[in-house]
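# Fold the following.
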Amino acid sequence: MAKNLFSIPNFSIVFCKILEVTIIIFRETLEVTIIVSVLLGLAEQIIHEDGSKIGETSTLVREAESKGESNQREHQRPHPPLPPYL
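Next up is the predicted model:
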């Protein structure tokens, strides 16, 4: 005889699995939302704190350049020449 696919035990098992998966998806979505909101808040604080320092750093760079101080890149040795191919 054919099994009845819509019998109560089968339906309750499927419904419980669907409910379990839905709860897990909701929990993970909520967790990701909290993490993203905390990271965005942290990034916003960093941007607002560094925003006031942008003018200070540019004046420091101008002062260093006016005094004749050069970057470390200018003092680096050039790369040695590549060996010729035979």
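# Low-confidence ranges, the protein, go.
1-9, 50-79, 86 (pLDDT under 70).
# for the longest helix along the chain, packing partners?
As far as residue count goes, and with DSSP state H defining each element, the longest helix of the chain is helix 8-51. Helices and strands touching helix 8-51, by 3 or more CB pairs under 8 Å, 6 or more residues apart in numbering; DSSP states H and E: there are none. C-beta: built from backbone N, CA, C; applies to glycine.
# now Ala43: how far from Pro83?
Between Ala43 and Pro83 the distance is 47 Å, computed by CB to CB, to the nearest Å.
# These two: who's more crowded?
Comparing Ala43 with Pro83 by neighbour count (other CB atoms under 10 Å), the higher total belongs to Ala43, at 10 against 6.
# how about that one, what does it touch?
The contact partners of Ala43, taken as CB atoms under 8 Å, 6 or more residues apart in numbering, number zero.
# what about it, distance to Val14?
Counting by CB to CB, the separation of Ala43 from Val14 is 43 Å.
# next one: Phe26
19 Å.
# where's Phe11 relative to Tyr85, distance?
Relative to Tyr85, Phe11 is positioned 75 Å away (CB to CB).
# between the two, who's got more neighbours?
Phe11 (11 against 4).
# Phi, psi for Pro84 please.
Backbone torsions of Pro84, given as degrees, to the nearest 10, read phi -70, psi 150.
# Give me the neighbour count for it.
5.
# which ones are touching it?
For Pro84, the set of contacting residues under the criterion of CB under 8 Å, 6+ apart is empty.
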